[in-house]
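A.B. asks: below: sequence and its predicted model.
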Amino acid sequence: MEGTGTIVKVAGPLVVATGMAGVRMYDVVLVSESRLVGEVVQLDGERASIQVYEETGGIGPGEPVYTTHRPLSVELGPGLMSSIYDGIQRPLTVIREKTGDFITRGVRADGLDRGRKWGFTPRFKAGDDIVPGDILGVCPETPLVEHRVLVPPGVKGKLSVLDAGSYTMDSPIGRVETPEGEIELKLMHTWPVRRPRPFARRMTPEEPLISGQRVIDAFFPVGKGGTACVPGPFGSGKTVIQHQLAKWANADIVVYVGCGERGNEMTDVLMEFPELKDPRSGEPLITRTVMIANTSNMPVAAREASIYTGITIGEYYRDMGYCVALMADSTSRWAEAMREMSGRLEEMPGEEGYPAYLGTRVAEFYERAGRTVCLGSDGREASLTVIGAVSPAGGDLSDPVVQATLRVVKVFWSLEDKLAYKRHFPAISWLNSYSLYTDDIAAYLEREMGEDWIPMRDEAMALLQREAELEEIVRLVGMESLSPGDRLVMETSRSIREDFLHQDAFHPVDTFSSANKQYRMLKLVMSFHHASQAALETPELDLDTLFSLPVREDIARAKFTPEGEVEASFDKIEGEMRKQIEELVSEGSGT
C-alpha cells in the first residue's frame, strides 16, 4: 500500500485527490494519515472524487491518500451470525471494547474474528472435482445455523487436500488444482458489495413468507424471494412492522439493516433481539440474525455502504440454501445519502434534487432478491426476500424514492397516518395496498389453509371496499337510512377491521398469529356474517339485538387465544354463535 495521491479538496464526506493514476471506480482508499476508509466514486484523469465513510473534520489539502486497489468488500465466513456491524462491516462490539461508546476515527477491526477456531467437517475428499457453489463442509456456527463453507465463485478444479479439523479464518482448510494453478481454500472469502453474487437460475416465488401479521399474511402476502416496500409518514409504524417481520417471519436467516435511523430505535432492536426466543426452536432470535447498524449520527456516506453490505451477506446465506429475509429501514435515508453525495459531486440533479440514477440504484438493489437455484452440483433451492421501509417527507407517496421503489417491487403496504391516529395498528391501508404474489402462492395457500381460504379472503376484502362506498352515505344521512343488508355489511366490516386486522405488537399472544389461527379467526367473522345474512330473511328481526349478541364479545377476544387452544376455543365460539343466532331467529319468527 503506497501513498499515490494528494488531497486537494475536502467538502464534508467528499474528498478530491490528484495523482491517482491506476485507481479504478469503487476502489477502496485510505484517506490521510488517519487512514479513513473511503471509496472512489468519480474519476477524471488522475483526479479522483472519494466518498469517505468516516468523519473528515481536521483533514486538509496536501495530505496523502493510500490506495488498496481493491473494491469495497465484505468478509464472508463463520461468525457472521449474532454479529452487529456498522455500514462497512466493522463489528461494533469489538470497536466498543477498543474505543468506548462512540466510534473513533480511523479505528480498524476485522469483520470476522481472526483468532477464533471453528470445527470443520468436510463433505468432499481429496481427488473430488468441485465447482463454484459446492458445499465443501460445515461448521456449527450457532445452535440454529449450520454454516456451510462454499467453494467461492470462479473456483473450479480437483481437490488435492481437504481435511477435517479446527481452523482460524486465515488457515487453509484445503487446496484445489485449477487451470491457473493451485489455490488455497479457507473458511472465509471476500466479495465486492456492489456486485450481485451469481446463481444458477431464478424462479417464481411459490410460497409466502409467513410473518404472523394478519393484514400482511391474509390480504397482502409477500412470496419467499419477493420484494416489498412499506412507505408511510412519521409515526405510522414502519419501524415496528420491520421489527415484527424480523422477529416472526418464517425465514431461516434474518438480516436487519438500520440505515440512518434514530439511535434509540436501533438500541431497542439490539436490546430486544438477544432476549426474544425463536418461536420454532426456543433459542434466542439473535442466533439466526445479522444486524447492520448505521444510525443517523454516523457519517452520511456510510449509509449507502450499509445497504450493500447487508444484501451481500443475505446473498451469501442464500447461496448456502437458506431462506433469508432482509429488512432495510429505511431506504429513504440511503437515497438522501446519495442525494448529498451527488450534490457535492456537482452532478445534474433530478427530481427533488435526487440524482438522475436514483431509479437505477433502487432497481439494482431490489433485483438482488429472488428465489433461486444456487450454484453447485446439488441444485439446492433458496430465497432472499427484501422488504424496505420508505420514509417520504410528510407521507407524500409521490416522493421520487417511493415512486422509484414501486416500479420494481411487487408488494405495497401503504401505511396511513389517519389509521395510526385512530390507534389502528398495523396502520396498513386495506384499500390502497396490494400484492402481486397472490396468484403465484395461491396453490400453496389452498393446500395449507384450505380450498375456502382464498374465496373467504376475497369476500372479506370486497366487504371492506363496500364499506368505504357506504361511509359517505352514513355521514350524510346516518346509519338508519341503510337497508338491513348494508347495515350488516358495515357491521361485518367493522368486525374484520377491529377483530381481525387490528393487532397488538406488544401483546404476548396477539403479537403473532399462525396461519391456522388467521384462517380460524377470519372464518369466525365470515361465519357470523353468513349466518346473519340468513337471519335477515326472518321478519321482525331486531338488528341491534343481532349485532349485540354475547358471542360478539367472544369473537372480538378470539385474537388473544393462545396457539395451543385455538381449535377447541374457536370450535366452541362457532357453536355458541350458531346457537345464539338460531334462538334469535326463533324469537323473531314467533316459533
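C.D. replies: Now that the structure is in, tell me what you want to look at. As the structure is a prediction and not an experimental result, all values here were calculated from the model. Numbering: from 1, shown residues only.
A.B. asks: can you list contacts of stretch 489-503?
C.D. replies: With C-beta atoms under 8 Å, 6 or more residues apart in numbering as the contact definition, stretch 489-503 has outside contacts at 213-215, 218-219, 424-426, 430, 460, 463-464, 466-467, 470, 474, 479, 482, 510-511, 513, 521-522, 525-526, 528-529, 532, 547, 552, 555-556, 558-559. The C-beta positions use only the backbone N, C-alpha and C, and glycine is treated the same way.
A.B. asks: chain center to that stretch: distance?
C.D. replies: With C-alpha atoms, centre = their mean, to the nearest Å as the basis, stretch 489-503 stands 28 Å off its chain's centre.
A.B. asks: just the buried residues of that stretch, please?
C.D. replies: Across stretch 489-503, burial judged by 16 or more other C-beta atoms under 10 Å covers 489-493, 495-497, 499-503.
A.B. asks: show the contacting residues for the residue sitting nearest the centre point of the chain.
C.D. replies: Nearest to the mean C-alpha position of the chain, by C-alpha atoms, centre = their mean, lies Met327 at 2.2 Å. The contact partners of Met327, by C-beta under 8 Å, 6+ apart, come to Gln242, Leu245, Ala246, Val254, Val255, Tyr256, Val257, Ile387, Gly388, Ala389.
A.B. asks: nearest to Glu367 among the residues you listed?
C.D. replies: Nearest to Glu367 among those is Gly388, at 12.6 Å by C-beta to C-beta.
A.B. asks: direction included, what does the helix or strand where the residue nearest to the centre of the chain lies pair up with?
C.D. replies: Using DSSP states H and E, Met327 sits in strand 323-329. Paired neighbours of strand 323-329 in the sheet (DSSP bridges): strand 253-261 (parallel), strand 381-390 (parallel).
A.B. asks: using PDB, write out every CA atom in that strand.
C.D. replies: The C-alpha atoms that make up strand 323-329 are tabulated as PDB, following Å, rounded to 0.1, in the frame of the first residue of the first chain:
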ATOM      1  CA  CYS A 323     -34.400 -18.800   3.200                       C
ATOM      2  CA  VAL A 324     -33.200 -15.300   4.000                       C
ATOM      3  CA  ALA A 325     -35.200 -12.200   4.800                       C
ATOM      4  CA  LEU A 326     -33.600  -8.800   4.700                       C
ATOM      5  CA  MET A 327     -35.200  -5.700   6.300                       C
ATOM      6  CA  ALA A 328     -33.900  -2.300   5.300                       C
ATOM      7  CA  ASP A 329     -35.100   0.600   7.400                       C
END
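A.B. asks: surely Lys9 meets Gly62?
C.D. replies: No: Lys9 lies out of contact with Gly62 (C-beta atoms under 8 Å); the separation is 11.1 Å.
A.B. asks: settle it for me: which of the two has more neighbours?
C.D. replies: Lys9 (14 against 8; other C-beta atoms under 10 Å).
A.B. asks: looks to me like the more buried one is in a strand.
C.D. replies: Yes: judged by DSSP: H, G, I helix; E, B strand; the rest coil, Lys9 forms part of a strand.
A.B. asks: circling back to that earlier point, PyMOL command to pick out the buried ones of the contacts of stretch 489-503?
C.D. replies: Restricted to buried positions by 16+ other C-beta under 10 Å, the PyMOL selection for those reads:
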select buried, resi 213+214+215+218+219+424+425+426+430+460+463+464+467+470+474+482+510+513+521+522+525+526+528+529+532+547+552+555+558+559
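A.B. asks: check contacts around Gly79.
C.D. replies: Gly79 sits next to Leu112, Asp113, Arg116, Trp118, Glu141, Met169 when contact means C-beta under 8 Å, 6+ apart.
A.B. asks: top of those by neighbour count?
C.D. replies: In terms of neighbours by other C-beta under 10 Å, those top out with Trp118 at 23 neighbours.
A.B. asks: would you mind measuring from that residue to Gly137?
C.D. replies: As judged by C-beta to C-beta, to the nearest Å, Trp118 and Gly137 stand 10 Å apart.
A.B. asks: the strands in the stretch 301-450 of the chain, which residues?
C.D. replies: 323-329, 370-373, 381-390, 411-412, 434-435 (DSSP state E, counting those that start in this stretch).
A.B. asks: contacts for the fourth one?
C.D. replies: So the one you mean is strand 411-412. 220-222, 226-229, 231, 406, 432-437.
A.B. asks: sort out for me which of those are in helices.
C.D. replies: If you go by DSSP state H, the contacts of strand 411-412 have Leu406 in helices.
A.B. asks: for Pro355, state which of the contacts of strand 411-412 is nearest.
C.D. replies: The closest of those to Pro355 turns out to be Leu406 (C-beta to C-beta; 18.5 Å).
A.B. asks: for the closest one, give me its contacts.
C.D. replies: For Leu406, the contact set (C-beta under 8 Å, 6+ apart) comprises Cys229, Phe412.
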